[in-house]
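Asker: one predicted model, sequence on top.
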Amino acid sequence: MHFSPHGDFYHVWIYLQSGPQLGLVATLLVWQGATWLDRRTGHASWSNPIMISIAVLAMLLLATGTSYQTYFRGGQYVQFLLGPATVALAVPMVANFATMRRNLIPILIAVIAGSVTAAVSAMLIAHWLGAPRDVVISMAPKSVTTPIAMGISQDLGGIPSLTAIFVLLTGVFGGLVCMPLFRALRITDRRAQGLAGGTGAHGLATARLLLESETAGAFGGLAIGLNGLITAILVPLLVRWLGF
Amino acid sequence: MVGAITLLLVCQLLGTIIAHAAGWPIPGPVLGLVLLLALLVWRGGPSPALHETSSGLLKQLGLLFVPAGVGIVNELHVLRTDALAIAVAIPVSTLLALGVTGMLMQLFARGDR
């Protein structure tokens, strides 16, 4: 037992590293800070609490020489909730079920085409530009909401944490470009805008479209769930078909 | 709230069991989503407790993907070596998916906008 202040702190640090508290509390505190910043800046376009939290925590790990494995002893408790959160996506889908049934065929055509376009173009471009197989596979479900995307990536031999980053980049980019793109392509139908945002860039584009119209937001929510489902079914087949 | 979380977890567990037993390459929670969707359509909507718990969970969805994202510290070499592939593939495929889905839906959708 050391009685110097330095020695005591060192032992507390080692003790905490063996348990979940440090990683869990760090995740929650950093998240609170990032969402506080987001509110303070009036939800500025550069202020993305998810990206900021990840960057701050990653820098903390690198600065303190803590391994991801050690951090994840606490992080896993937050990540576990992704499973029930995925199931919970069924609830907003039910609210739009009547609207969905009226245009079932157009919705299915558009979402299936968008799902295949996103996965195939991402995989082919990454492959042509020299990315190895695990990166190409991690790229395939990048338009899908994170919990589903990570599950798909894991099952096919991708790197789930890399997929999580690709999903975030897709969402941030999609949220920025969706409205200018719709104007350029003359996509004025709110239902089409919402469905495209939810299919191409999941929740982050949907959040952007919700500022434009409630209808677009509702179709975005519907597309997030539907595209997750369709991509989970189609991507394993597409990966086999493309020979990755 | 405990009842609602139990229902979500039971759906997830059944989805995982069915996917594994049938050998389907679908994540268990996704199949759980389908099971819950079928149940809610049959019952005519969620209970107030389920509605409250789900929207609470989905409102904080961002937090739930932070721990996985922090895994970036183990993948920094990938981001460096494949920077070009990533920087081209993500924007191009996202623009294509947004455009294709939007144009097809606008072309085929019927009824009021």
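Answerer: Looks like it arrived, so ask away.
Asker: every contact and neighbour count from this point should use C-alpha atoms.
Answerer: Will do.
Asker: helix or strand: which one has A:Ser138?
Answerer: Assigned by DSSP states H and E, A:Ser138 belongs to helix A:133-139.
Asker: now that helix, how far from the chain's geometric center?
Answerer: 16 Å (CA atoms, centre = their mean, to the nearest Å).
Asker: name the residues that touch it?
Answerer: For helix A:133-139, contacts defined as CA atoms under 8 Å, 6 or more residues apart in numbering or on different chains pick out A:119, A:122-124, A:126-127, A:153, A:156-160, A:162-163, A:166, A:239, A:244, B:78.
Asker: check the burial of A:Phe72 by counting its neighbours.
Answerer: Neighbourhood size, A:Phe72 [other CA atoms under 10 Å in any protein chain shown]: 21.
Asker: which parts of stretch B:90-106 are buried?
Answerer: Neighbour-count burial for stretch B:90-106, counted by 16 or more other CA atoms under 10 Å in any protein chain shown, picks out B:90-91, B:93-106.
Asker: how about the CA coordinates for the helix holding A:Ser138, as CSV?
Answerer: Output of helix A:133-139 as CSV, limited to C-alpha atoms (Å, rounded to 0.1, in the frame of the first residue of the first chain):
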residue,chain,number,x,y,z
ARG,A,133,-12.2,-6.7,-48.3
ASP,A,134,-12.9,-5.9,-44.7
VAL,A,135,-13.2,-2.2,-45.5
VAL,A,136,-15.3,-2.9,-48.6
ILE,A,137,-17.7,-5.0,-46.5
SER,A,138,-17.8,-2.4,-43.7
MET,A,139,-18.8,0.1,-46.3
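Asker: give the next helix or strand downstream of it.
Answerer: Using DSSP H and E, the helix or strand that follows helix A:133-139 towards the C-terminus is helix A:146-156.
Asker: is chain B contacted by that following helix?
Answerer: Yes: on the criterion CA under 8 Å from any CA of the partner chain, helix A:146-156 is in touch with chain B at A:146-148, A:151-152, A:155.
Asker: where in the chain is pLDDT low?
Answerer: Reading this off chain A. Residues of chain A meeting the criterion pLDDT under 70: A:1-7, A:45.
Asker: meant chain B, my bad for not saying
Answerer: Ranges of chain B meeting pLDDT under 70: B:112-113.
Asker: so what's the residue count around the closest residue to A:Thr41 other than its chain neighbours?
Answerer: Among residues not flanking A:Thr41 along the chain, A:Ser47 sits closest, at 7.6 Å (CA to CA, 6 or more residues apart in numbering or on different chains). Using other CA under 10 Å, A:Ser47 has 17 other residues around it.
Asker: which SSE is A:Ser47 in?
Answerer: Assessed by DSSP H and E, A:Ser47 sits outside every helix and strand.
Asker: from A:Ser53, how far off is it?
Answerer: 11 Å (CA to CA, to the nearest Å).
Asker: name the helix or strand for A:Phe244, please.
Answerer: Here A:Phe244 is assigned to no helix or strand, by DSSP H and E.
Asker: how close does the residue nearest to it when sequence neighbours are not counted sit to B:Pro91?
Answerer: Spatial nearest neighbour of A:Phe244, excluding adjacent residues (CA to CA, 6+ apart): A:Arg133 at 6.5 Å. For A:Arg133, the distance to B:Pro91 equals 20 Å [CA to CA].
Asker: now residue 51: closest residue in space that isn't a chain neighbour?
Answerer: All of this refers to chain A. Computed as CA to CA, 6+ apart, the closest residue to A:Met51 that is not its neighbour in sequence is A:Leu168, at 7.6 Å.
Asker: please refer instead to chain B.
Answerer: A:Val91 is the one closest to B:His51 (CA to CA, 6+ apart), at 6.8 Å.
Asker: now do the contacts for the one you found.
Answerer: Counted by CA under 8 Å, 6+ apart, A:Val91 has contacts B:37, B:40, B:45-46, B:51, B:54.
Asker: burial check on A:Gly33, number of neighbours?
Answerer: Using other CA under 10 Å, A:Gly33 has 14 neighbouring residues.
Asker: cool, thanks, talk later.
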